[in-house]
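Trainee: This is a predicted model, with the sequence first.
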Amino acid sequence: MIQVNGLTRRYGDIAAVSDLSFSVAEGEIIGFLGPNGAGKTTTMNMITGCLRATAGTVTVDGADIETDADRARKIIGYLPENPPLYPDMTVDEYLEFVYRLKKCRLPQKEHLDSVYDMAGLSDVRGRLIRNLSKGYRQRVGLAQALIGDPKVLILDEPTVGLDPRQIIEIREVIRSLGQKHTVILSSHILPEVQEVCDRILVIDHGRIVADGTPAELSERVEGAEQLNMTIEGEPATVLGVLRAVPGVSEAVVTAEDGMKSIYRITAEPGADIRRAVFDALSQHQLAILSMQQVELSLEDIFLELTGAEPAPEEAPAPADEAPKKKRRLFGRKRGEDK
Ligand SMILES: Nc1ncnc2c1ncn2[C@@H]1O[C@H](COP(=O)(O)OP(=O)(O)OP(=O)(O)O)[C@@H](O)[C@H]1O
């Protein structure tokens, strides 16, 4: 349905997007995931024809976004990060305005009724947009994208600025839209794309650094098991013992605390090193005070792929207290201003 080839956008010397190529099949829900400034909005603006590419092509259902722009744009509904709403209009007035603007030929009442239904707006049709909650304004933004019944929906950070309940509601709306549309949405929040999308494209510095289903991306770190251990003894001795265990690829001290230290031990792919580590340490009479297996989450993969740092106030706790890292993905709270 969407074919992107060699898409590039430069701003002077800076390449905001570099040589992106990917395709999206009909009915897929794709998530662009990446830290702030990764190039998500620039990519979406080029796919929707709002921004000219420096190089590369985009075709939507066979229509080239530059050379066949009118046809291509009719196939796309776009929800920009800040949807162009008119606060002094009622929802009804605004959507009728968009209907006329898009020169929509579908039967007006019937079509707008179905759009209200899809976007969950039926209860607020007569309300002024300025009086709507942020969540409902976002639904109005979605509704304007749905007018004309486009096959493809492009949604730029659709949940930014919403409260948790509104986020859940909008995600449900997007999931249901995905049953009839091809959807690309962008987010810097992993659980969002994980929950809603069939496939994830991780973008960093204007390039795709990973492409796959959440399960496929998880497989990329399969075998990269790690242990966090608290062990009594001289760190140099302990490290010597750990590094000699078959299947251990790396052992490091993450914290020292008097007689005991905390170690992070990484296994070679596929190896379960727990028993061998236990045996080796007990042979050397080094007491194990704790042993926890660290399961690398998708979040860890993305942090690795994008080199993003956890937010300072949420830096990982000492290794023995944090077997499963809980970090905010790209260091910005939902709803926070950029
Ligand atoms: N008009 C512009 N002029 C110069 N640089 C720009 C312009 N628009 C974007 N950029 C740069 O291009 C890069 C990609 O920006 P873009 O907005 O596409 O990222 P993003 O992934 O959407 O980030 P965010 O999540 O913060 O919206 C950034 O380094 C940005 O500063």
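Mentor: Happy to help now that I have it. Numbers count the residues shown, from 1 in each chain.
Trainee: Is residue 244 in contact with residue 280, as I believe?
Mentor: Yes - taking CB atoms under 8 Å as the definition, residue 244 is a contact partner of residue 280 at 7.0 Å. (C-beta placed from N, C-alpha, C; glycine too.)
Trainee: So for the two, which sits in the more crowded spot?
Mentor: More neighbours surround residue 280 than the other of residue 244 and residue 280, with 18 against 11 (other CB atoms under 10 Å).
Trainee: Give me the three-state assignment for the more buried one.
Mentor: helix (DSSP: H, G, I helix; E, B strand; the rest coil).
Trainee: OK, contacts around it?
Mentor: 241, 242, 244, 245 (CB atoms under 8 Å, 6 or more residues apart in numbering).
Trainee: Residue 5 - that's part of a strand, no?
Mentor: Yes - judged by three-state DSSP, residue 5 forms part of a strand.
Trainee: And for it, the neighbour number?
Mentor: Neighbour tally, residue 5, other CB under 10 Å: 14.
Trainee: Pull up the gap between residue 37 and residue 14, please.
Mentor: 10 Å (CB to CB, to the nearest Å).
Trainee: quick one, phi/psi of the closest residue to residue 71 other than its chain neighbours?
Mentor: Spatial nearest neighbour of residue 71, excluding adjacent residues (CB to CB, 6 or more residues apart in numbering): residue 63 at 4.2 Å. Torsion angles at residue 63 (phi, psi; degrees, to the nearest 10) stand at phi -100, psi 130.
Trainee: Please apply the same query to residue 39.
Mentor: phi 120, psi 10.
Trainee: what's the residue lying closest to it once chain neighbours are set aside in contact with, if anything?
Mentor: What sits nearest to residue 39 in space, not counting adjacent residues and going by CB to CB, 6+ apart, is residue 206, at 4.0 Å. Residues in contact with residue 206 (CB under 8 Å, 6+ apart) are 9, 15, 16, 17, 18, 20, 38, 39, 42.
Trainee: and these, which of them are in strands?
Mentor: 9, 15, 16, 17, 18, 20 (DSSP state E).
Trainee: Could you save these as JSON lines and add columns showing neighbour count?
Mentor: Shown next, in JSON lines, are the ones in strands among the contacts of residue 206 (neighbours: other CB atoms under 10 Å):
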{"residue": "9", "neighbour count": "22"}
{"residue": "15", "neighbour count": "17"}
{"residue": "16", "neighbour count": "20"}
{"residue": "17", "neighbour count": "29"}
{"residue": "18", "neighbour count": "18"}
{"residue": "20", "neighbour count": "25"}
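Trainee: ok, and which of these reach the ligand?
Mentor: residue 16 (CB under 6 Å from any ligand atom).
Trainee: mind showing which ranges of the stretch 101-250 of the chain have poor pLDDT?
Mentor: 218-224 (pLDDT under 70).
Trainee: And the strands in it?
Mentor: 152-156, 182-187, 199-204, 207-212, 226-232, 248-257 (DSSP state E, counting those that start in this stretch).
Trainee: would you turn these into CSV with mean neighbour count?
Mentor: Converted to CSV, the strands of the stretch 101-250 of the chain look like this (neighbours: other CB under 10 Å):
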stretch, mean neighbour count
strand 152-156, 24
strand 182-187, 26
strand 199-204, 22
strand 207-212, 16
strand 226-232, 21
strand 248-257, 14
